[in-house]
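Enquirer: have a look; sequence and predicted model below, questions after that.
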Amino acid sequence: MKRLQGIAASNGIAIAKAYRLEHPDLTVEKQTIENPAEQVSRLQQALAKAKEELKVIQAHALKELGEDKAAIFSAHLLVLSDPELVQAVEQKIEQERVNAEFALHDVASMFIAMFEAMDNEYMKERAADIRDVTKRVLAHLLGVTISNPSMITEEVVIIAEDLTPSDTAQLNRKYVKGFTTDIGGRTSHSAIMARSMEIPAVVGTKEATATIQNGDIVIIDGLDGEVIVNPTEEIIAQYEQKRAAFAAQKAEWAKLVHEQTMTKDGHHVELAANIGTPNDVEGVLANGAEGIGLYRTEFLYMGRNELPTEEEQFEAYKTVLEKMEGKPVVVRTLDIGGDKELPYLDLPKEMNPFLGFRAIRLCLDMQQMFRTQLRALLRASVYGNLKVMFPMIATLDEFRQAKAILLEEKEKLVAEGVPVSDEIEVGMMVEIPAAAVLADQFAKEVDFFSIGTNDLIQYTMASDRMNERVSYLYQPYNPAILRLIYNVIEAAHKEGKWVGMCGEMAGEQLAVPILLAFGLDEFSMSATSILRVRSQLKKLSKQEAEQVKNHILSLATAEEVVRFVKETFHL
Ligand code: PEP
Ligand code: MG
């Protein structure tokens, strides 16, 4: 038995067999070879194995995930049977006397570059297919395993060095009971997704992949951030009890599902949920959220090989708005970048992706893509209470440009006779310190703010939200962060605007009394946190919280804040 300590990323306890999700190293080296026939035969064998594997995955995907997902694998099979590609690789082996891996990699790269340069969406998709298939064949040539998580058919916990958001999106909740990773922080997107999927998770254990083998029995304790490998019967029984106690606690919170969110002294705040896909709305309603405070639309663009069309997006937004039946829905425009990649856009690798060409910066540059999303949103606006929010705003000019494009698209639609709501509020995320400091200026032009503490903390503390080695600096309770938050709320209120928070901090037990004291209007969090926070707010008095506001703002360190808040609010 071995215990690993990590960061508690998603509540709950999971006990199941380990499944290692691997992304092996597929770098190839050029070798000059004596016997081309042997290399061609190696290539043929690898192609055959990849085909067999894809057929099995395709059949499974069809059964478990539906035609849509299975179609990707059919496209991959087509690539493998394409004589042009295969013959080009064989020729390269024969003429240049190079190893099969190198020839395949080289020819595939050439095809990918060629398809990507075409001004045709269909052809661009083929580039992504070739990239995926090449990886599969290369893995066979190199004798390494690539995992196929969509093939899991028994209850498991996933063990991975890291999980990308698109890996996480592909996890089947029926079988995946929990996960643990070597790296990552509480606000990395796989952790956030785990919370909304209610999958217990522990991230940043540093040594999970070095310690845990396929088939080991693993306990993931997402409540205390512990991972236990091959526990004794006694320990398993202990954790089963802990799991039952947590379930009982959840049942207690569940009684509040139809209640208004009200403090002890009768003050109402709005409790909203963060979602990634229209499917998440079910959980939002089941947990009694009063709205959606953040719809991360980038997930609509991920786990696929091409941009979603206006029609697809329209359907997604309409579904969410309709299901929410007039409750507020804040839709954030595409926030790609950082840990959320879109491989098919083929953007150059950056040294500092979190500080790079991303989110609104990318949208203002790739305007066609941005306008498509805005049109879909505007068309959907008549089906509910839509609010549009722009991510990563650093300057007023960016906000003005984004809003102007939105208004332009609205005018075009209206001219075409398409109905568009006149009530759409337009707001922005405050997640860049420059915007938080200058909130008084922004407040004059926006309809609302939503504070994105996940990024605001990392930028203010210069501490990568994904990096467990600097997680000690990722301090939500650092007075610098609290003063920024307070500044934003005050600035908005002076202009009569409302302020929400959609960063993970909004759902933290210690943060709730502080944010209540600061006057936050809307708290938006993983749907699964809502009832816990409603229960906490019921026991708090806004007036009492306000009395300690100035004291909290006068403290010098995060430790002092934490100690004071724990003592004052009995946490
Ligand atoms: C944030 O930065 O706080 C936020 C809510 O956005 P994301 O986590 O998607 O970056
Ligand atoms: Mg952010």
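Expert: Everything's here; your move. Ligands and ions are numbered 1, 2, ... in the order given.

Enquirer: for the nearest residue in space to Val329 that is not next to it in sequence, list the residues it contacts.
Expert: In this structure, Val329 finds its nearest non-sequential neighbour in Ile292, 4.5 Å apart by Cβ to Cβ, 6 or more residues apart in numbering. Where C-beta positions appear, they are placed from N, C-alpha and C, glycine not excepted. Ile292 makes contact with 272-275, 281, 284, 320, 324, 327-330, 524, according to Cβ atoms under 8 Å, 6 or more residues apart in numbering.

Enquirer: how far off centre is stretch 250-265?
Expert: Relative to the chain's own centre, stretch 250-265 is displaced by 28 Å; criterion: Cα atoms, centre = their mean, to the nearest Å.

Enquirer: give me the buried positions along it.
Expert: Across stretch 250-265, burial judged by 16 or more other Cβ atoms under 10 Å covers 253, 256, 261, 263.

Enquirer: next, the second one: secondary structure please.
Expert: When states are read from DSSP: H, G, I helix; E, B strand; the rest coil, the local structure at Leu256 comes out as coil.

Enquirer: residue in the stretch 351-500 of the chain nearest to ligand 2?
Expert: Distances between the stretch 351-500 of the chain and ligand 2 by Cβ to the ion are smallest at Asp455, namely 3.7 Å.

Enquirer: how about the stretch 51-200 of the chain?
Expert: With Cβ to the ion as the measure, Thr187 is the residue of the stretch 51-200 of the chain nearest to ligand 2, at 8.7 Å.

Enquirer: from Glu431, how far out is that residue?
Expert: Thr187 sits at a distance of 11 Å from Glu431 (criterion: Cβ to Cβ, to the nearest Å).

Enquirer: go on, Gln475?
Expert: As defined by Cβ to Cβ, Gln475 lies at a distance of 16 Å from Glu431.

Enquirer: got it, and Asn305?
Expert: 29 Å.

Enquirer: ok, those two, which is more surrounded?
Expert: In this view Asn305 and Glu431 are compared by other Cβ atoms under 10 Å, and Glu431 has more residues nearby, 26 against 17.

Enquirer: tell me the contacts of the more buried one?
Expert: Here Glu431 is in contact with 391-392, 451-456, 459, 503 (criterion: Cβ under 8 Å, 6+ apart).

Enquirer: and what of Lys264?
Expert: Neighbour list for Lys264: 538-541 [criterion: Cβ under 8 Å, 6+ apart].

Enquirer: can you tell me which of those residues comes closest to ligand 2?
Expert: The shortest distance between ligand 2 and any of the contacts of Lys264, using Cβ to the ion, involves Leu540 and amounts to 27.3 Å.

Enquirer: that closest one and Phe569 touch, don't they?
Expert: Yes. Under the criterion of Cβ atoms under 8 Å, Leu540 is in contact with Phe569, at a separation of 7.2 Å.

Enquirer: out of the contacts of Lys264, which end up buried?
Expert: For the contacts of Lys264, a burial check counting by 16+ other Cβ under 10 Å picks out 540-541.

Enquirer: find the pair from the contacts of Lys264 with maximum spatial separation.
Expert: Greatest spacing in these, by Cβ to Cβ: Lys538 and Ser541 (10.3 Å).

Enquirer: tell me the residues that contact both of these two, please.
Expert: Residues touching both Lys538 and Ser541 by Cβ under 8 Å, 6+ apart: 263-264.

Enquirer: where does the stretch 351-500 of the chain come near ligand 1, residue by residue?
Expert: Within the stretch 351-500 of the chain, the positions lying close to ligand 1 (Cβ under 6 Å from any ligand atom) are 431, 452-455.

Enquirer: got the residues you listed as a markdown table, with distance to Lys55, secondary structure and pLDDT columns?
Expert: What follows is these, written out as a markdown table (distance: Cβ to Cβ, whole Å; DSSP: H, G, I helix; E, B strand; the rest coil; pLDDT from 0 to 100):
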| residue | distance to Lys55 | secondary structure | pLDDT |
| --- | --- | --- | --- |
| Glu431 | 45 | coil | 98 |
| Gly452 | 44 | coil | 98 |
| Thr453 | 46 | helix | 98 |
| Asn454 | 41 | helix | 95 |
| Asp455 | 43 | helix | 96 |
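
Enquirer: in PyMOL, select just the buried ones from those.
Expert: Typed into PyMOL, the next command selects the buried ones out of those (criterion: 16+ other Cβ under 10 Å):
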select buried, resi 431+452+453+454+455
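
Enquirer: nearest to Leu555, of the residues of the stretch 351-500 of the chain next to ligand 1?
Expert: Ranking those by separation from Leu555, with Cβ to Cβ as the measure, puts Thr453 on top at 18.0 Å.

Enquirer: can you tell me the helix or strand for Thr145?
Expert: Element membership of Thr145, judged by DSSP states H and E, is empty: it is in no helix or strand.

Enquirer: for it, give me its contacts.
Expert: Here Thr145 is in contact with 22, 24, 139 (Cβ under 8 Å, 6+ apart).

Enquirer: same check, this time on Gln475
Expert: Taking Cβ under 8 Å, 6+ apart as the contact definition, Gln475 lies against 457, 461, 463, 481, 558.

Enquirer: redo that, cut-off 10 Å
Expert: When contacts are counted by Cβ atoms under 10 Å, 6 or more residues apart in numbering, Gln475 touches 457, 460-461, 463, 481-482, 557-559, 561-562.

Enquirer: which helices and strands sit right next to whichever strand or helix holds Glu411?
Expert: Here Glu411 is covered by helix 396-415, with elements defined by DSSP H and E. Using 3 or more Cβ pairs under 10 Å, 6 or more residues apart in numbering; DSSP states H and E as the contact criterion, the neighbours of helix 396-415 among helices and strands are helix 359-365, helix 367-380, strand 385-390, strand 425-430, helix 433-437, helix 439-443.

Enquirer: close to ligand 2: what parts of this protein are there?
Expert: Proximity of the chain to ligand 2 is confined to 431, 452, 455 under the rule Cβ under 5 Å from the ion.

Enquirer: contacts only, for the last one.
Expert: The neighbours of Asp455, taking Cβ under 10 Å, 6+ apart as the test, are 187, 335, 338, 354, 359, 391-392, 429-433, 465, 503.

Enquirer: and for the second one?
Expert: If a contact means Cβ under 10 Å, 6+ apart, then Gly452 has 187, 294, 332, 335, 389, 391-392, 428-432, 435-436, 459, 500-505 as its contacts.

Enquirer: 7 Å instead?
Expert: Applying Cβ atoms under 7 Å, 6 or more residues apart in numbering, one finds that Gly452 lies in contact with 429-431, 502-503.

Enquirer: residues touching Ile199, list them.
Expert: If you count contacts by Cβ under 7 Å, 6+ apart, Ile199 has them with 10, 173, 176, 178-179.

Enquirer: so Asn99 touches Glu34, yeah?
Expert: No. In this structure, Asn99 is not within contact of Glu34 by Cβ atoms under 7 Å, at 10.8 Å.

Enquirer: can you redo the buried residues of stretch 250-265 as a markdown table with distance to Glu207, secondary structure and pLDDT?
Expert: Conversion of the buried residues of stretch 250-265 to a markdown table gives the following (distance: Cβ to Cβ, whole Å; three-state DSSP; pLDDT from 0 to 100):
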| residue | distance to Glu207 | secondary structure | pLDDT |
| --- | --- | --- | --- |
| Trp253 | 34 | helix | 95 |
| Leu256 | 40 | coil | 96 |
| Thr261 | 41 | coil | 96 |
| Thr263 | 44 | coil | 97 |
